[in-house]
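In: whatever this is, show me its structure:
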Amino acid sequence: MTNHPHLAISRIAAAVGEPARTRILYSLMDGHSRTSTELAVVAGVSPSTASVHLNQLKTAHLVNVLPRGKYRYYFLQGPDVAQVLEALAVLVGGVGKFAPSTPSHLRHARTCYDHMAGRLGVLLHNQFKALGWLLEGKNNGKAVYDLTPDGTEAFEALGIDLAAIRSLRRRFAYACLDWSERQPHLGGALGAALLKTAVKRRWVIQEVDDRALTVTRLGHAELKRRFGVHM
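Out: Residues are numbered from 1 along each chain as shown. Below you'll find the predicted structure:
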């Protein structure tokens, strides 16, 4: 019997469509790995029940696991999973702690898996387009970005190795719809590299076990000087 795409979609939807599993998935949206014990607390279920849920999510290729000694650390399967979860939050107007009543610091600046989101992410994306750094195109039918010569020069000036991130097995750059702003922020390998650079240069501080990003005084100055972004 042919394995039709709609059957695969229904299996994934069934895996996501249980409150405890939903809480587990969204807790992993900050890009961190967690043990089944930690995720049991997040999901509000017993450790044994959490293990069952995690096995279902792993079977659906939504999470992966990394054994480390006596512990097993679970994490999202990849950025494509994070993008789908972000899009679902947009569709329903926010899920759980990502609802419109979310504290302002999360809406101000946060991570979306491994790139910047919230008002900060959207402002950067829009400014990159306004500066003529992003070139829109299609790759296998999907909307993607490449860099213009000016964009290449600007990102290389940040110390980002563009050749290295282009070699990764993921999309280089794309518009990821932001659930709180209802506008795109920059996703993909380029967005991830930008976040790493911002953290390394202490423009932003990533909160522990939270998606929130704190823009430092230096960060405010550099965002304004380099990109013309006012937070």
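In: CA only for contacts and neighbour counts going forward, please
Out: OK.
In: count of residues packed around Asn139?
Out: Look at Asn139: counted by other C-alpha atoms under 10 Å, it has 9 neighbours.
In: the worst-scoring helix or strand of the chain on mean pLDDT packs against which elements?
Out: Ranked by mean pLDDT, DSSP states H and E, the weakest helix or strand in the chain is helix 104-108, scoring a mean of 78. Counting contacts by 3 or more C-alpha pairs under 8 Å, 6 or more residues apart in numbering; DSSP states H and E, helix 104-108 is packed against helix 118-130, strand 213-215.
In: all helices for the chain, in order.
Out: For the chain, helices defined by DSSP state H occupy the ranges 5-16, 19-27, 36-43, 47-59, 79-92, 104-108, 118-130, 149-157, 162-166, 188-200, 217-222.
In: adding distance to Arg211 and mean neighbour count, write the ones you listed out as JSON lines.
Out: As requested, these are exported to JSON lines (distance: least, C-alpha to C-alpha, whole Å; neighbours: other C-alpha atoms under 10 Å):
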{"stretch": "helix 5-16", "distance to Arg211": "20", "mean neighbour count": "13"}
{"stretch": "helix 19-27", "distance to Arg211": "9", "mean neighbour count": "21"}
{"stretch": "helix 36-43", "distance to Arg211": "15", "mean neighbour count": "20"}
{"stretch": "helix 47-59", "distance to Arg211": "21", "mean neighbour count": "18"}
{"stretch": "helix 79-92", "distance to Arg211": "13", "mean neighbour count": "18"}
{"stretch": "helix 104-108", "distance to Arg211": "7", "mean neighbour count": "18"}
{"stretch": "helix 118-130", "distance to Arg211": "10", "mean neighbour count": "20"}
{"stretch": "helix 149-157", "distance to Arg211": "24", "mean neighbour count": "14"}
{"stretch": "helix 162-166", "distance to Arg211": "23", "mean neighbour count": "13"}
{"stretch": "helix 188-200", "distance to Arg211": "12", "mean neighbour count": "20"}
{"stretch": "helix 217-222", "distance to Arg211": "18", "mean neighbour count": "15"}
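In: give the contact list for His108.
Out: For His108, the contact set (C-alpha atoms under 8 Å, 6 or more residues apart in numbering) comprises Gly118, Arg119, Leu120.
In: now do Asp146 against Val84, distance only.
Out: As judged by C-alpha to C-alpha, to the nearest Å, Asp146 and Val84 stand 22 Å apart.
In: contacting residues for His220?
Out: Contacts of His220 by C-alpha under 8 Å, 6+ apart are Trp203, His230, Met231.
In: contacting residues for the closest residue in space to the first one that isn't next to it in sequence?
Out: Leaving aside its chain neighbours, Trp203 sits nearest to Gly219 (3.6 Å; criterion: C-alpha to C-alpha, 6 or more residues apart in numbering). Taking C-alpha under 8 Å, 6+ apart as the contact definition, Gly219 lies against Ala198, Arg202, Trp203, Val204.
In: sorry, back to before: in JSON lines, list the helices and strands packed on helix 104-108 along with distance to Arg170 and mean pLDDT.
Out: As requested, those are exported to JSON lines (distance: least, C-alpha to C-alpha, whole Å; pLDDT from 0 to 100):
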{"stretch": "helix 118-130", "distance to Arg170": "19", "mean pLDDT": "96"}
{"stretch": "strand 213-215", "distance to Arg170": "24", "mean pLDDT": "94"}
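In: possible to save the ones you listed as JSON lines with distance to Ile12?
Out: JSON lines is the format used below for the helices and strands packed on helix 104-108 (distance: least, C-alpha to C-alpha, whole Å):
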{"stretch": "helix 118-130", "distance to Ile12": "26"}
{"stretch": "strand 213-215", "distance to Ile12": "30"}
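In: of the contacts of His220, select the buried ones using a ChimeraX command.
Out: The following ChimeraX line selects those of the contacts of His220 that are buried, judged by 16 or more other C-alpha atoms under 10 Å:
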select :203
